[in-house]
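Engineer: Only the shape, not the letters, is given here:
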């Protein structure tokens with residue numbers, strides 16, 4: 001009879017069991033995948049017109065035109081280039097990672113991940129908050145749910161987390177249905193709004209006269225629109241998600257992993273179509289809501305606050321249609337949060353495990369879901385589930401990613417010798433940078449939230465890296481033909497590996513090393529050894545594949561060369577692999593390193609060298625718990 005596991009053990013096993021976030025297999029047509037990113041992008045129609053009205057007032061349609069111009073002439077060309085450079089969904093962060101090396105590159109990526117987390121987490125909380133606003137402001141539910149927006153938002157976030165804890169798979173089919181219904185309802189609402197404006201001829205002249213009275217001429221209007229534009233940046237979200245879903249786009253039959261031309265072409269169509277459709281919706285929705293809704297209704301507590309189009313749906317199409325619109329809006333806003341959660345669950349494992357900067361349990365979905373959901377709870381509580389209050393933080397995350405993407409494609413164009421494109425991308429990056437700085441100055445809460453995410457990610461990453469420094473780190477070890485001959489030859493007797501820090505690789509260097517080895521360990525004759533020479537290229541890397549190259553130097557000395565991120569971890573992994581392949585426990589010989597032990601430890605942590613002997617022994621001790629099967633370590 002099998003014993004039942006204790007409850008805590010079963011809970012722990014369930015928690016760390018890897019879940020499935022969703023991965024592409026055969027791929028889907030680009031227009032279907034567009035709906036997957038569209039639940040994030042198109043759902044902003046739920047709150048964007050109201051935010052634009054609050055930020056720009058009567059100038060909202062003009063300011064929205066400026067937003068659309070930057071979307072089509074700035075963000076779209078940038079992310080079409082990002083799609084070319086990162087066809088596997090890595091995004092602009094991966095482009096910048098390739099341009100920067102060592103620790104500065106890792107820290108820069110961690111900072112960008114912090115702002116990406118800001119973007120995705122605030123997408124979850126803001127979307128849930130706006131969904132709750134639509135629920136509360138429905139005429140049938142207002143009296144019952146009024147005053148409970150925080151509780152409702154937390155419930156929606158908890159429901160989202162529960163779905164992921166069960167094992168969420170991105171359903172492109174569901175996204176297609178949601179986006180199709182939602183956009184169709186918006187066409188009806190905006191169409192009715194335009195009909196109301198057409199049948200009331202005084203509305204446009206009254207609006208135009210009020211604009212002229214407030215701002216004077218058209219040039220002044222454009223200038224003010226540029227000033228308030230950063231507050232409208234929420235309407236540009238979705239491009240980073242559009243690139244992230246690239247692996248779901250089906251390509252051509254002759255696509256290769258290195259150059260999936262069909263997938264790139266499909267993703268460009270996806271980005272272009274989504275941007276054009278969203279631009280039309282943004283301009284028309286801003287126009288009808290500005291002309292048909294009194295300004296007081298956009299303010300906090302007003303019936304159009306965070307739900308301008310829903311207000312028009314109830315006002316002109318009746319309670320039944322308005323409730324249907326509310327239900328569709330709530331569904332797509334909730335699913336936008338799901339898309340953001342899936343984005344984070346795909347983004348974090350893509351970088352942090354490679355850097356050794358995530359706890360061991362971070363490879364499982366459920367612990368990350370709990371952390372992200374808890375963080376969303378905290379953000380909701382801090383902002384009191386306010387859609388307007390979270391706008392600054394959301395815009396900051398979006399704009400930082402836009403700026404990083406602009407810089408990445410500028411550098412890529414420069415590297416490719418495309419001078420005209422480089423200048424164009426540099427100009428776009430400058431606009432994004434201005435918008436980011438302006439948004440930070442105007443609404444510093446966004447950068448504060450972003451800085452908290454950056455600090456949290458960097459702190460956890462560094463702590464995890466320090467905790468995991470004694471792991472083997474080698475994902476695979478490949479021996480070339482010469483090194484395999486060395487091992488087969490030595491397996492018939494004692495295998496002696498000598499850790500050797502090479503300099504000029506002249507014959508005297510190896511002769512002296514053998515003499516020292518014999519002297520330090522009181523060996524009667526010159527031992528038969530294999531020199532192991534580890535070259536550290538990038539100590540900031542954590543794990544990777546080891547390629548072992550064997551060669552005979554000076555017609556006498558056998559040498560196995562390895563490139564790795566750390567000397568002791570590579571030597572330990574190599575010794576254990578040799579033991580497993582030859583069934584002979586090898587001996588490893590080191591010499592003590594001169595210097596302060598604390599300094600040597602820091603050298604190991606930062607540069608992968610330092611005091612090699614004791615660290616190698618510790619790595620072996622942790623990797624092999626049985627002392628009788630552990631490679632022998634000798635230090636002289």
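Structural biologist: Thanks, I have the structure now. The shown structure was predicted, so the numbers you read here are calculated from the model rather than taken from an experiment.
Engineer: so what's residue 335 up against?
Structural biologist: Residues in contact with residue 335 (C-beta atoms under 8 Å, 6 or more residues apart in numbering) are 39, 43, 174, 175, 178. Backbone N, C-alpha and C define where each C-beta goes, glycine included.
Engineer: ok, 10 Å please
Structural biologist: Going by C-beta atoms under 10 Å, 6 or more residues apart in numbering, residue 335 touches 36, 38-40, 43, 127, 131, 160, 170-171, 174-175, 178-179, 182.
Engineer: Which one of the residues you listed is nearest to residue 210?
Structural biologist: For the contacts of residue 335, the minimum distance to residue 210 (C-beta to C-beta) is 30.8 Å, reached by residue 43.
Engineer: excluding its backbone neighbours, what's nearest the closest one?
Structural biologist: Spatial nearest neighbour of residue 43, excluding adjacent residues (C-beta to C-beta, 6 or more residues apart in numbering): residue 336 at 4.1 Å.
Engineer: and the one you found, that's in a helix?
Structural biologist: Yes - judged by DSSP: H, G, I helix; E, B strand; the rest coil, residue 336 forms part of a helix.
Engineer: still on that earlier bit, give me the lowest-pLDDT entry from the contacts of residue 335.
Structural biologist: Minimum pLDDT for the contacts of residue 335 is recorded at residue 170 (53).
Engineer: still on that earlier bit, tell me the buried residues within the contacts of residue 335.
Structural biologist: 36, 38-40, 43, 127, 131, 160, 170, 175, 178-179, 182 (16 or more other C-beta atoms under 10 Å).
Engineer: hey, where'd the strands end up in this protein?
Structural biologist: Secondary structure of the chain (DSSP state E): strands at 474-479, 496-499, 530-536, 544-553, 557-564, 587-590, 632-635.
Engineer: CSV for the ones you listed, including mean pLDDT?
Structural biologist: Shown next, in CSV, are these (pLDDT from 0 to 100):
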stretch, mean pLDDT
strand 474-479, 88
strand 496-499, 89
strand 530-536, 89
strand 544-553, 90
strand 557-564, 90
strand 587-590, 91
strand 632-635, 90
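Engineer: just to revisit the earlier point, and the buried ones among the contacts of residue 335, which is closest to residue 538?
Structural biologist: The closest of those, once distances to residue 538 are taken by C-beta to C-beta, is residue 170, at 33.7 Å.
Engineer: Could you measure from the residue of the chain most remote from its centre over to residue 229?
Structural biologist: Distance from the C-alpha centroid of the chain peaks at residue 524, with 58.9 Å (C-alpha atoms, centre = their mean). In this view, residue 524 and residue 229 are 82 Å apart by C-beta to C-beta, to the nearest Å.
Engineer: cool, residue 34 as well?
Structural biologist: In terms of C-beta to C-beta, residue 34 sits 26 Å off from residue 229.
Engineer: higher neighbour count, the two?
Structural biologist: residue 34 (29 against 22; other C-beta atoms under 10 Å).
Engineer: What does the pLDDT read for the more buried one?
Structural biologist: 87.
Engineer: Correct me if wrong: it contacts residue 183.
Structural biologist: No - at 11.2 Å, residue 34 and residue 183 do not qualify as touching, with contact defined as C-beta atoms under 10 Å.
Engineer: Please enumerate the shared neighbours of these two.
Structural biologist: Common neighbours of residue 34 and residue 183 (C-beta under 10 Å, 6+ apart) are 42, 277.
Engineer: about what we covered before: now tabulate the strands of the chain in CSV and tack on mean neighbour count.
Structural biologist: Putting the strands of the chain into CSV (neighbours: other C-beta atoms under 10 Å) gives the following:
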stretch, mean neighbour count
strand 474-479, 16
strand 496-499, 22
strand 530-536, 20
strand 544-553, 16
strand 557-564, 21
strand 587-590, 22
strand 632-635, 17
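Engineer: Make a markdown table out of those and add distance to residue 366.
Structural biologist: Listed next are the strands of the chain as a markdown table, based on distance: least, C-beta to C-beta, whole Å:
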| stretch | distance to residue 366 |
| --- | --- |
| strand 474-479 | 24 |
| strand 496-499 | 41 |
| strand 530-536 | 36 |
| strand 544-553 | 27 |
| strand 557-564 | 33 |
| strand 587-590 | 40 |
| strand 632-635 | 39 |
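Engineer: To residue 456, which of those lies closest?
Structural biologist: strand 544-553 (26.5 Å).
Engineer: what's that closest one packed up against?
Structural biologist: strand 474-479, helix 481-490, helix 507-520, strand 530-536, strand 557-564, helix 567-582 (3 or more C-beta pairs under 10 Å, 6 or more residues apart in numbering; DSSP states H and E).
Engineer: now those as CSV including distance to residue 212?
Structural biologist: Output for these, formatted as CSV (distance: least, C-beta to C-beta, whole Å):
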stretch, distance to residue 212
strand 474-479, 67
helix 481-490, 81
helix 507-520, 85
strand 530-536, 68
strand 557-564, 69
helix 567-582, 71
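Engineer: Can you say which of the ones you listed is nearest to residue 542?
Structural biologist: Nearest of those to residue 542, taken as C-beta to C-beta: helix 567-582 at 9.2 Å.
Engineer: thinking in terms of the whole chain, how far from its middle is that closest one?
Structural biologist: 34 Å (C-alpha atoms, centre = their mean, to the nearest Å).
Engineer: buried ones in it?
Structural biologist: Across helix 567-582, burial judged by 16+ other C-beta under 10 Å covers 567-579.
Engineer: ok, now stretch 52-59?
Structural biologist: 52, 53, 54, 55, 56, 57, 58, 59.
Engineer: Please identify which of the residues you listed is nearest to residue 286.
Structural biologist: The closest of the buried residues of stretch 52-59, once distances to residue 286 are taken by C-beta to C-beta, is residue 52, at 5.4 Å.
Engineer: dump the residue contacts of that closest one.
Structural biologist: 59-61, 63-64, 67, 228, 231-232, 234-235, 282, 285-286, 289-290, 298, 308.
Engineer: With residue 139 instead?
Structural biologist: Contacts of residue 139 were listed using C-beta under 10 Å, 6+ apart, and they are 303, 314, 319, 322, 323, 326.
Engineer: shouldn't the last one be in contact with residue 189?
Structural biologist: When you say that, I think you mean residue 326. No - judged on C-beta under 10 Å, residue 326 makes no contact with residue 189 at a distance of 11.4 Å.
Engineer: more neighbours, the two?
Structural biologist: Comparing residue 326 with residue 189 by other C-beta under 10 Å, the one with more neighbours is residue 189, at 28 against 25.
Engineer: Identify the residues contacting that one.
Structural biologist: Taking C-beta under 10 Å, 6+ apart, one finds 45, 284-285, 288-289, 308-317, 321-322, 325 in contact with residue 189.
Engineer: Next: residue 609.
Structural biologist: 501, 534, 536, 539, 566, 567, 568, 593, 600, 603, 615.
Engineer: just residue 339 next, same as before
Structural biologist: By C-beta under 10 Å, 6+ apart, residue 339 lies in contact with 36-41, 43, 120, 123-124, 127, 170, 175, 238, 241, 244-245, 332.
Engineer: how much space is there between residue 227 and residue 391?
Structural biologist: Distance, residue 227 to residue 391, using C-beta to C-beta: 16 Å.
Engineer: wait, I meant residue 76
Structural biologist: Relative to residue 391, residue 76 is positioned 22 Å away (C-beta to C-beta).
Engineer: Quick check: chain neighbours aside, which residue is closest to residue 91?
Structural biologist: Residue 91 sits nearest to residue 243 (C-beta to C-beta, 6+ apart), 4.9 Å away.
Engineer: actually residue 181, not the one I typed
Structural biologist: Residue nearest to residue 181 in three dimensions, not counting chain neighbours: residue 328, with 5.4 Å by C-beta to C-beta, 6+ apart.
Engineer: and the one you found, what does it touch?
Structural biologist: Residues counted as contacts of residue 328 (C-beta under 10 Å, 6+ apart) are 46, 134, 178, 179, 181, 182, 183, 184, 185, 186, 310, 313.
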